[in-house]
Every structure is written in structure tokens, then in C-alpha cells.
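Novice: I would like the atomic coordinates for the input below:
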Amino acid sequence: MIDAPREVASTVEEVTFFEDRAEVSRQVELTLSTGVHWLAVSGIALTIDDGSVVASTSAPDTRVLGSRVERRIRQEPSASAAEAAERETELTEARAERQRFETEISRAEEESTRLQQLVSGVGTAIERVPPGFAAHQAEWTAAQTELGRGRAEMLARLAAATAGLAEAVRQERLAQRRLEITRTSSPRFEAVLLVQIDQRAATSTTVKLRYRVAAALWRPEHTARLVGDEKSAERTIDWQVGAVAWQRTGEDWSGVRCRFSTARPSASANPPLLSDDSLELRRKQDRTVQVEARDEKVETAGLDSGTRAVDDMPGVDDGGESLTFAATEPLTLPSDGKPARVELFRVTLPAVVETVATPELTTASHLRATATWRAESPLLAGPVRLVRGASIVGRSKVGFVGQGEPFELGFGVDSGLSVRRQLEASDEVTAVLGTQKLTRTVTLFVANLGAAPRKLTIVERIPKSELSEVKVELLDSDGAKLDDAFQRDGFVRWKIELAGDGTRTIKLRYRVEAGSRVQLRGIL
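Specialist: The predicted structure follows:
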């Protein structure tokens, strides 16, 4: 005979966060008699994935026969029994106060009527007093005045009691409404995990439950602190890798072990559909070449500069290998949808710091630190809080960086250096061949606004041509460094040193040359 489901308590042991869900591990400890039992585990999120439920046990005399999720609707009172009793007491006191005012009003009306009759009787008696009894008439008049004064006081008491009665009636109605609210009920939606157990011997049993829920996720977040002597180029970065987690599952996650995974359990593993790729040939109608300029984003996993810890580094997609990070201590994550920040680990990185200016984008100079990531796991992409010393200087973001891969990070504006950019254009077309020659001269005015000598790296660029019909020639670089980055992306760099309050002028000239059949649209 199978008994009705037995309500049992469970404890959340571990939660593994993914980018769009979480996996919860629960544990139930109980003692069962021999036979088949149904266990009902409450406190489960409504957003549970029914197909992900796994129930298991390591007890030799216990076997899990099956499990399923049951969703219920329960009518719950709006208030507890203690609160309902308190509201009933308030209503009783409000009724007693109303009755007290009603009794006082009734008495005041009776007393006022009696005094009014006495005043009228005394007035009639005074009118009937013979003329020879004037002295007695004065006494009666004083008595009539005293009775009138008493009636006026009684009328004031009656008015106060009437106002008190109105307030008492209002308070009674409010107490009645509060009591009615406590007596109402509202539907409560809940999920219960039912587990069927075959117990072969009466002994203590531990059942482990694992399932996935929605409404919980995490994202990486970092804090980078630049420390060391500000005048030295060799400094260190104290890097804190953290996780930001949210959950609104409705479950109680108090004092649980938390892990944060980059795996994607919801990602589809189906291969793409194959289709024919048709190629067609057509006669070329227009021999005019139209050329347009575009800004191309340089996509690399790390920097060309810097020292790699290993020769062969993985790219951003490391073959789908997932990473898992563990919190250093148990966490309490309330189900309120608010972000909770968790520190995962710290690492100290040696860094080379320099001041860099890109005058094509801004006149301000920036502090840039170049470091090599040296940790047991790659650096995940995410926002970074930038700290210099004890001050937060801003927020930035970092892309994926592999182990041993160099990367760079800006640490705010250096207000002590300024670079102003001026562009001059000169276009000409040869008379016979119609060759187009576009000459551009970039003049940079660099100024050191402080009294101490400063070093500065300036980065400019010239266009790079992908077509044989368009040629780009560098005419004058004013002593710039032309490295591999220049050959590939057209970046020109100067490393200069300025004395205190010093200035310098740098010129960069290049020419774009194209044939007569080339249309240069939006070039430079």
C-alpha cells in the first residue's frame, strides 16, 4: 500500500549559475520505514524545468523509482491568526467607544431637556409673582440664569459627544474593513517536487535532487586597481575578478555554495542544414571603380605588443571549453532580482604604464597600462571598475583575454598633456592621364602643461588600400616608429619626451593616388 505524499524539508546545498538560468542541488535527510513512499519537497521555483529533474540516492537499501513536478494553487489567508485576533480586538474596542458616545449623547439630551423645562417653568413663575414680592422675584431670576448656564454647558457637552461619536463611527468602519481584509484569501501558486522512494530497510536516507530553474543568471565583473609610483613606468595592477548574480526564482538560497559557469546548457547542438551554393557569371557593364572609405575594427584576442607567456595562444572561442568559477564562501542570495556581487579571485599583474594620445579622436591624453594575463583561467569579457590609488576614475570594459595573452587597459585622462590636431588637404588631377592625387598633411601641436618632464606616445593613422587601383604613399612621418602595426593597419606612432612647460610640433604627410576611372567617395 502506498501512502499519501509525505511533506519533507530540504536544504539547498549548491547553486550553479549559467548565463540564462541556474542549476540547484538540494538534499533531503529523513528516516523511512520499509515500503514504497512518495516524498513531497516544497519550496521549489515555479520556473523549474521539469525535464531537468534528477533524483538520486547513495543509500544501499534505498532506490528512487521516479519523480515529477506538481504545480498547485493554494488559497492563503491575507493575514496570520495573530493579526486577525488583533483586528478583532480593534473592532471590539471601536464598537465600545461608539456605544460610550451614544450613551453620553442620550444622557446629555435628557439632561438638556430637563434643564430647558426648568428654565421655562421658572420663567412662567416669575411672570406670576405679585408686585409686592419684588425681592423674591430677583432670587428667582438669578436661579433662572444659573439654570440657563447649566443648560448651555450641557449643550456644549452634547456637541462634543456628537463629534466624538462621528469619529468613533469612522474608526469602527475602518476596523471593520481591516478585519474583513484579514478574513480574505488570495491564491498562492507553488511547485512541489514529488519523489517516489522504494525503501527496503528502515534506516536513515539521504536523497539528492538536482534541477534547473529560470529567472537566475550571472555576468562577470572586474575591478582593476593601478598601484605603484606614478612616476615609474613599471607598475602593477591588482585585478579582482568578480561575478554579479541575480535571482528571482522564489526559492530561499541562504548560506549556499555558489558556482558560476560559462557553459550553455540551452545551446542547440544540431548541425546546420546543407544547401546548394549557386554561382553565376555576368558581363561587366561599368569599368568604373568606386572606392569608399570605411573604419575597420582591428579584431585580435590580445595585443601585438607585450610578452606572451606561451607561444601558441587560444582565440576567443577556445573550442567550446566551458569554465567554472567557485565563490570563496557560502552566499545568501535573496529572491528580489537585485544584483549581488561576489569576489571570485584576485591576481597581481606587472604592467607597463604610458601616456597615450590619439588626437584624431580627442585632444586629451590617457593613461594606458599594458599587462600580460597570468592566471589559472582566461579573463572573461565584462565591465571593469578602474581605480587609481584610492580613487575610482571611471568604468571601462575588457574583452576575452587568454592565459598568457597581453592586453591593455586605460586608467583615465592625464590632464597634464594636450595635443591639438590640424588637417590640411591638397587635391590635384594630372592633365593628360587624369591621375588623382590627394595629399593630406596632419599637424600635431603637443604641449606639456606641467613643470616636470613628461613622456608621451602619440598614435595617428593613414588609410590602407585593399585595391591595386588605389595607392597610399607615406611622404613624411617626422621620425615616427613604423612597425608591424603600420604595415598591417596603418598606425603611426611617436614616442616623445617634453620638458616642463615644453611644446613640440609634429607633421605627418601622405598621398592617395588613383587612376582616372576610380571614383573616390568620402575619402579622407
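
Novice: what about the spatially closest residue to residue 84 that is not a sequence neighbour, how many residues nearby?
Specialist: Leaving aside its chain neighbours, residue 84 sits nearest to residue 182 (4.4 Å; criterion: C-beta to C-beta, 6 or more residues apart in numbering). Every residue, glycine included, has its C-beta placed from N, CA and C. Residue 182 is flanked by 18 other residues according to other C-beta atoms under 10 Å.

Novice: so which strand or helix has residue 182?
Specialist: For residue 182, the host element (DSSP states H and E) is helix 134-183.

Novice: please report how far the residue nearest to residue 84 lies from residue 14.
Specialist: For residue 182, the distance to residue 14 (C-beta to C-beta, to the nearest Å) stands at 40 Å.

Novice: and for residue 280?
Specialist: Taken as C-beta to C-beta, the spacing of residue 280 relative to residue 14 amounts to 58 Å.

Novice: cool, residue 366 as well?
Specialist: To residue 14, residue 366 is 43 Å away according to C-beta to C-beta.

Novice: can you check residue 327 too?
Specialist: Looking at residue 327 against residue 14, where the rule is C-beta to C-beta, the gap reads 10 Å.

Novice: looking at these two, which one has more neighbours?
Specialist: Remark: of residue 327 and residue 14, residue 327 carries more neighbours, 19 against 16, as counted by other C-beta under 10 Å.

Novice: pull the contacting residues for the spatially closest residue to the more buried one that is not a sequence neighbour.
Specialist: Leaving aside its sequence neighbours, residue 327 sits nearest to residue 258 (C-beta to C-beta, 6+ apart; 4.4 Å). Residues near residue 258 by C-beta atoms under 8 Å, 6 or more residues apart in numbering: 14, 15, 16, 17, 245, 326, 327, 330, 331, 333, 342.

Novice: helix, strand, or coil at residue 258?
Specialist: Per DSSP: H, G, I helix; E, B strand; the rest coil, the local secondary structure of residue 258 is strand.

Novice: re the thing from before, surely the residue nearest to residue 84 and residue 85 touch.
Specialist: No. The pair residue 182 and residue 85 does not pass the contact test of C-beta atoms under 8 Å, sitting 9.2 Å apart.

Novice: quick check: beta-bridge partners of residue 213?
Specialist: residue 22, residue 48 (DSSP bridges).

Novice: for the remainder of this discussion, apply numbering that starts at 778.
Specialist: Shifting the count to begin at 778 puts that one at residue 990.

Novice: now that it has come up, it's in contact with residue 820, right?
Specialist: No. Applying C-beta under 8 Å as the test, residue 990 and residue 820 come out as separate, 11.7 Å apart.

Novice: any idea which of the contacts of residue 1035 is closest to residue 1225?
Specialist: For the contacts of residue 1035, the closest approach to residue 1225 (C-beta to C-beta) belongs to residue 1119, at 43.8 Å.

Novice: now do the contacts for that closest one.
Specialist: The neighbourhood of residue 1119, defined by C-beta under 8 Å, 6+ apart, consists of 1019, 1020, 1021, 1022, 1035, 1037, 1104, 1108.

Novice: in the helix or strand harbouring residue 1234, which residues are buried?
Specialist: When secondary structure is defined using DSSP H and E, the element that contains residue 1234 is strand 1231-1238. Using 16 or more other C-beta atoms under 10 Å as the test for burial, strand 1231-1238 gives 1231, 1233, 1234, 1235, 1236, 1237, 1238.

Novice: what about residue 952, neighbour count?
Specialist: Number of residues near residue 952 (other C-beta under 10 Å) recorded here: 19.

Novice: what's residue 1150 sitting at in phi/psi?
Specialist: For residue 1150, the backbone dihedrals (degrees, to the nearest 10) come out as phi -70, psi 120.

Novice: measure it to residue 1018 for me?
Specialist: Taking C-beta to C-beta as the measure, residue 1150 and residue 1018 are separated by 11 Å.

Novice: now do residue 1113
Specialist: From residue 1113 over to residue 1018 the distance is 25 Å, taken as C-beta to C-beta.

Novice: please pull out the lowest mean pLDDT helix or strand from this structure.
Specialist: In the chain, the helix or strand scored least confidently by mean pLDDT, DSSP states H and E is strand 1066-1069, which has a mean of 63.

Novice: what element comes up after it heading to the C-terminus?
Specialist: Counting by DSSP H and E, the element after strand 1066-1069 in chain order, helix or strand, is strand 1101-1103.

Novice: strand partners (parallel or antiparallel) of that following strand?
Specialist: Pairing partners of strand 1101-1103, with direction, according to DSSP bridges: strand 1030-1038 (antiparallel).

Novice: pop the domain breakdown of this protein in here.
Specialist: Taking automatic domain parsing as the domain assignment, the ranges for the chain are 783-855+964-991, 858-960, 994-1040+1077-1088+1098-1298.

Novice: the more surrounded of residue 990 and residue 820?
Specialist: The residue with more neighbours, out of residue 990 and residue 820, is residue 990; 22 against 16, by other C-beta under 10 Å.

Novice: how about low-confidence regions in the chain?
Specialist: For the chain, the stretches with pLDDT under 70 are 778-780, 899, 902-917, 1043-1049, 1061-1097, 1298-1301.

Novice: which stretches of the stretch 1128-1277 of the chain form strands?
Specialist: Using DSSP state E, counting those that start in this stretch, the strands of the stretch 1128-1277 of the chain run over 1141-1149, 1159-1165, 1168-1175, 1183-1206, 1213-1225, 1231-1238, 1247-1253, 1268-1275.

Novice: ok, and what's touching the first one?
Specialist: In this case it means strand 1141-1149. Counting by C-beta under 8 Å, 6+ apart, 1003, 1012, 1014, 1080, 1082-1086, 1126-1135, 1165, 1181-1196, 1233 sit against strand 1141-1149.

Novice: now do the third one
Specialist: Counting contacts by C-beta under 8 Å, 6+ apart, the residues outside strand 1168-1175 that touch it are 999, 1156, 1158-1164, 1184, 1186-1189.
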